[in-house]
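[1] sequence and predicted structure, then a few things I'm wondering about:
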Amino acid sequence: MLNDLNKIQRVLAEYMSDLSDEAYATDWMAELEFDLWEALEGKIKVYGRLEICEEILRKLRRLSDEANGWIYFHNI
């Protein structure tokens, strides 16, 4: 997956993975991309052991804007 991403997209994916690790001690929790998106929409305030603070939201928004998109797994 990471090989197909450009530099900023990789930074976003790695940050999302870091949040998953903080919340659930796993690199990429199932549905991570959807849960973090819901956090951006204000629907989730706590994700596992992680409290979704404004700093996390700002960084996710900034990286998503810079990447011009969002990272998600697409199973074929």
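    Here it is on my side, so go on. Numbers count the residues shown, from 1 in each chain.
[2] spatially central residue in the protein, please.
    M16 (3.0 Å; CA atoms, centre = their mean).
[3] quick check: which element contains that residue?
    Counting by DSSP states H and E, the element that carries M16 is helix 7-24.
[4] so who does the residue nearest to the centre of the chain touch?
    W28, L32, E33, L36, L60, I71 (CB atoms under 8 Å, 6 or more residues apart in numbering). From N, CA and C alone the C-beta is placed, and that goes for glycine too.
[5] and these, which are buried?
    W28, L32, E33, L36, L60, I71 (16 or more other CB atoms under 10 Å).
[6] among the residues you listed, which one lies nearest to D4?
    For the buried ones among the contacts of M16, the closest approach to D4 (CB to CB) belongs to I71, at 10.5 Å.
[7] my read: the closest one touches E14, true?
    No. Contact criterion CB atoms under 8 Å: I71 and E14 do not qualify, at 9.4 Å.
[8] quick one, grab the pLDDT at the closest residue to W70 other than its chain neighbours.
    For W70, ignoring the flanking residues on the chain, the nearest one in space by CB to CB, 6 or more residues apart in numbering is S64 at 5.7 Å. At S64, the pLDDT value in this model is 97.
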